[in-house]
Every structure is written in C-alpha cells, then in structure tokens.
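Novice: What follows is a predicted protein model with its sequence.
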Amino acid sequence: MRDIAIVSGASSGLGREFVRQLDLGAGGPLDEIWAIARNEEALNEVKAQCHTPVKVLALDLTSDDAFKTLASELAAAADGLNVQWLVNCAGFGKFGTFEEVGEANASMVKLNCLAVVEACYQALLYMHAGSRIVNIASAAALLPQPGLSTYGATKRFVLDFSRALDVELGPVGIHVTAVCPKFMHTKFLDKPGDHGALDRVLWIGFEDPRTCVRESLRCALRGKRVAITSPDVRVMNAVCKVVPTDLAMALEAKLGEWYTQRNAR
Ligand SMILES: NC(=O)c1ccc[n+]([C@@H]2O[C@H](COP(=O)([O-])OP(=O)(O)OC[C@H]3O[C@@H](n4cnc5c(N)ncnc54)[C@H](OP(=O)(O)O)[C@@H]3O)[C@@H](O)[C@H]2O)c1
C-alpha cells in the first residue's frame, strides 16, 4: 500500500500547517502528500520544506475541471493507493450583508461546500479502514451569522455533512471529523469584505493554527466526529445547544455591539 494525504488549501494558513504536521508524522507514516491550492509557487515552497515527497496540484477548486484533474491523478496512481488522510481546508469567507457580498456568495458555496463534497466522493474510492477525513468548518457554524450569512451557512453544511458521513462510514472504519476553529491569524482576514461586520464578531478572539491542527489530528485519530479546538468555543457550543437560536443570535448581536463600542472609546 502507498499511503498518501491529500490536503486542500495547502498553500497557506491552516492547510499549510496540516501539511507541516503530517510531514512530521503527526498522522502516521506517509509515502506522499498531495498539496492542492491555486498558488503553484506557494505550493512549491511548501514542498521544498517537506521531508515527505509532495505532489503539487495547482487547482482552482471552484472550477469544473479541478475535480476531473483530481480524478485522473487518483486513477493514474490507483495501484496500491491508500488515501490515509483527506484534509479539506481550502475555504474563504466574506463579511457584509448578502447584497454587499454579491457574487462571492456563490463562490463561497462552491469552494466551502461543493469542493468538500467532491473531494470526499473522489478520495473515498481509495480509502480503507483506518483512513481519516478532516473537514474544516468554523465556530461560525454553531449559530446563524447575520453579516456573514453565506459563510456561516456553508460551514454549518460542512459540520452537518461531516457528522452524517461519519455515521455512515463508521462501520467500515473510516472517520470524518469536522473542525470548528475561531479566528486564526492567517490570510483568511486579508480581504474580509465589510470591516464593520468583521469587527462585530471579533469578540470571539483568536486561536493558534498550530494548536488547532494538532488538536484536529488528535481528534481525527481518535475518531471524534467534531473537534472544537478552543475551550471557550466549546462553552459557546454548549450554550447554543440549550438556548433558543433566536435568543442566542440576539445575545451574539448584543455582544458585538458592546465589543465595538468598547473598542471605539
Ligand atoms: N482563519 C480563520 O480565522 C478561520 C476561522 C475559522 C475557519 N477557518 C477556515 O479555515 C480554512 C483555512 O483557512 P485559513 O485560515 O488557512 O485561510 P487562508 O490562509 O486564506 O487559506 C485558505 C486556503 O484556501 C486556498 N483556496 C482559496 N480559494 C481556493 C480555490 N478557489 N481553489 C483552491 N484553493 C483555494 C488558498 O490557496 P490559494 O489562494 O493558493 O488558492 C489557501 O491555501 C478555511 O476553510 C476557512 O474557512 C478560518
């Protein structure tokens, strides 16, 4: 068997960190890592830093051709292939009203949802008992997010899809883990859209991508369905489970108001 990891969003941020930790053996021995993103130069930099052989796949995962390419790469390598890890990390979010976000609404659905489904569908053909799928959702998945409505909903999709798929695949020994990080200092916030809408949710704070990846891999290896990688988001999740959704949304809006007023002083 040739064990590989496929990591999307590998050119920066969390995806890059997944490649780094998988390369160091955090997910067990690997024969190759397939690194996917659009920026080929950045992917080659990632490759240069790895001890494990890296296959660079410069693909725009919102394009129809991307998954044809992935399918043919997998078919060409099929003999003895085991996709041990699939990490769906590529994603982006734009803040603002639905109208302000405009065309990016559909792109978010394509990248954050459709690409995750396609990648799972294709990789599963080459997975075996013990293989793992890690899908990056977000703390934004825990509650509907006015001012980030489409992004929040795409991440809710990732969360629910992952949980259901894990139940389906459990009997064959494949586990799916949805990860719900809060903010992290990556390129994610480089072009956030409406800064006002972003400022209203910054009260939630930041977590360290290295810790997030370490915890995600640990949860995935243990077969945990959901990885909430920071303690305060775990508390938030518990609150969201008992408080009616409309009330929780109103509380979140009040917190946002308080936080932005405090910072304006
Ligand atoms: N950072 C946060 O605050 C935060 C919080 C919660 C959840 N998340 C989630 O964490 C994941 C990783 O984000 P990050 O924080 O690491 O942000 P990031 O640094 O912006 O990384 C995003 C990655 O996605 C890739 N990507 C974007 N559009 C793509 C496309 N059309 N096709 C293929 N790849 C594409 C980017 O590479 P190219 O530009 O080279 O294509 C990059 O590698 C995302 O799913 C995000 O929603 C982030």
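Specialist: Sure, I can see it. Residues are numbered from 1 along each chain as shown.
Novice: Could you list the contact residues of the protein toward the ligand?
Specialist: 8-15, 37-39, 42, 60-62, 89-93, 111, 136, 138, 181, 183-184, 186-188 (C-beta under 6 Å from any ligand atom). Quick note: C-beta positions are derived from backbone N, CA and C, even for glycine.
Novice: ok, the spatially most central residue of the chain - contacts?
Specialist: Residue closest to the mean C-alpha point of the chain, counted by C-alpha atoms, centre = their mean, is I136 at 2.0 Å. With contacts defined as C-beta atoms under 8 Å, 6 or more residues apart in numbering, I136 is in contact with G9, L14, V87, N88, C89, G91, V158, A178, V179, P181.
Novice: redo that, cut-off 10 Å
Specialist: Neighbour list for I136: 8-9, 13-15, 18, 87-91, 112, 116, 155, 158, 162, 177-181, 212-213, 216, 227 [criterion: C-beta atoms under 10 Å, 6 or more residues apart in numbering].
Novice: Could you give the number of residues near H175?
Specialist: 22 (other C-beta atoms under 10 Å).
Novice: Kindly report the same for the one 4 residues further on.
Specialist: Close neighbours of V179, defined as other C-beta under 10 Å, add up to 29.
Novice: Show me where the stretch 101-250 of the chain has its strands.
Specialist: Along the stretch 101-250 of the chain, counting by DSSP state E, counting those that start in this stretch, strands occupy 132-136, 175-179, 226-227.
Novice: now whichever residue of the stretch 51-200 of the chain sits closest to the ligand, what's its secondary structure?
Specialist: Closest contact between the stretch 51-200 of the chain and the ligand, by C-beta to the nearest ligand atom, is at G91 (2.3 Å). Three-state call for G91 (DSSP: H, G, I helix; E, B strand; the rest coil): coil.
Novice: How about V87?
Specialist: Relying on three-state DSSP, one would call V87 strand.
Novice: so how many other residues sit close to it?
Specialist: V87 has 31 nearby residues by other C-beta under 10 Å.
Novice: and the closest residue to H185 other than its chain neighbours, what is it in contact with?
Specialist: Leaving out its chain neighbours, the residue that sits closest to H185 by C-beta to C-beta, 6 or more residues apart in numbering is F206, at 6.1 Å. Contact analysis of F206 by C-beta under 10 Å, 6+ apart lists P181, K182, F183, M184, H185, T186, L189, S230.
Novice: These into TSV, with extra columns for pLDDT?
Specialist: Formatted as TSV, the contacts of F206 follow (pLDDT from 0 to 100):
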residue	pLDDT
P181	98
K182	97
F183	97
M184	98
H185	97
T186	97
L189	94
S230	96
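Novice: Buried subset of these as a ChimeraX selection?
Specialist: To isolate the buried members of the contacts of F206 in ChimeraX, using 16 or more other C-beta atoms under 10 Å:
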select :181,182,183,184,186,230
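Novice: For stretch 18-26, give me every contacting residue.
Specialist: So stretch 18-26 is contacted by 5, 7-11, 27-28, 30, 33-35, 43, 46-47, 49-54, 84-85, 87, 89, 134, 136, 209-210, 212-214, 216-218, 221 (C-beta under 10 Å, 6+ apart).
Novice: Tell me which entries of these lie within helices.
Specialist: L43, V46, K47, P209, R210, C212, V213, R214, S216, L217, R218, L221 (DSSP state H).
Novice: Which among these count as buried?
Specialist: L43, V46, K47, P209, C212, V213, S216, L217.
Novice: The residue nearest to T154 when sequence neighbours are not counted: what's it in contact with?
Specialist: Nearest residue to T154, sequence neighbours excluded (C-beta to C-beta, 6+ apart): N112, at 3.6 Å. Contact partners of N112, counting by C-beta under 10 Å, 6+ apart, are 61-62, 88, 90-93, 135-138, 150-151, 153-155, 157-158.
Novice: Also M1?
Specialist: D31, G80, L81, N82, Q84, H128.
Novice: 6 Å - rerun?
Specialist: G80, N82 (C-beta atoms under 6 Å, 6 or more residues apart in numbering).
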